[in-house]
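Below: sequence and its predicted model.
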Amino acid sequence: MSVVSPAAPAGPRIRVGELISAASALMLAAIMFGLEWFGSVGLPRSRRSGIETAENAWHMLTVTRWFMLAAIAVALGSVVLHATQRSHGTKTDTGIVTATVGTITAALLAYRVLIDLPGSSSVVDIKIGAYLGLLAAIGIALGGWDSVREERARRGGVPRRVRRRERVQSRPSAG
């Protein structure tokens, strides 16, 4: 006869990839609002007068900023969700959502920072915030893909549907 001891409460089930995404999301939020991303210098006459403007991502990237906010929310929400799911045995897989949103955001930022500069009517100067923001978006995407990889390794690489079908078939029939 074996004695079954009550299971110890499980700690938070937060993967390393999720922590990478969350840290990158916090950095992206700070960079998005706190640093200058693009500067513009007017016509050559105004350069002599010293007129130069610089804007952060929120003000310059009118469409891309919403993808950035979505990536930040998904990455941070994933960690919060998994930290609150420690009382029961199931876990929601959020890695693929984080990876997808992070990848789309990183691609959009790469396009805006490296290829299509905003404000083509004047000379555009790319500030350090744009490069750091792009790196943070890439960090969200890479953390999401690492989380997906960790989840697949935990499952043993077998899709969940197949495992359920095998469990049902391996149960003894009551007949």
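Ah, there it is.

Run through the neighbouring helices and strands of the strand or helix carrying Leu26.
Assessed by DSSP states H and E, Leu26 sits inside helix 16-34. The helices and strands touching helix 16-34, judged by 3 or more Cβ pairs under 8 Å, 6 or more residues apart in numbering; DSSP states H and E, are helix 57-60, helix 64-84, helix 95-110, helix 128-155. In this view, the C-beta of every residue, glycine as well, is placed from N, C-alpha and C.

Name the next helix or strand downstream of it, please.
Following helix 16-34 in sequence, per DSSP H and E, is strand 38-41.

Render the CA-only coordinates of that next one in CSV, please.
Output in CSV follows, covering the C-alpha atoms of strand 38-41 (Å, rounded to 0.1, in the frame of the first residue of the first chain):
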residue,chain,number,x,y,z
PHE,A,38,13.4,60.3,-35.8
GLY,A,39,14.6,63.8,-36.2
SER,A,40,14.0,66.0,-39.2
VAL,A,41,16.0,69.0,-40.4
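
strands paired with it, and their directions?
Partners of strand 38-41 in the sheet, by DSSP bridges, are strand 52-55 (antiparallel), strand 123-126 (antiparallel).

Now tabulate the ones you listed in TSV and tack on mean pLDDT, mean neighbour count and distance to Thr92.
Shown next, in TSV, are the strands paired with strand 38-41 (pLDDT from 0 to 100; neighbours: other Cβ atoms under 10 Å; distance: least, Cβ to Cβ, whole Å):
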stretch	mean pLDDT	mean neighbour count	distance to Thr92
strand 52-55	75	15	37
strand 123-126	73	15	38
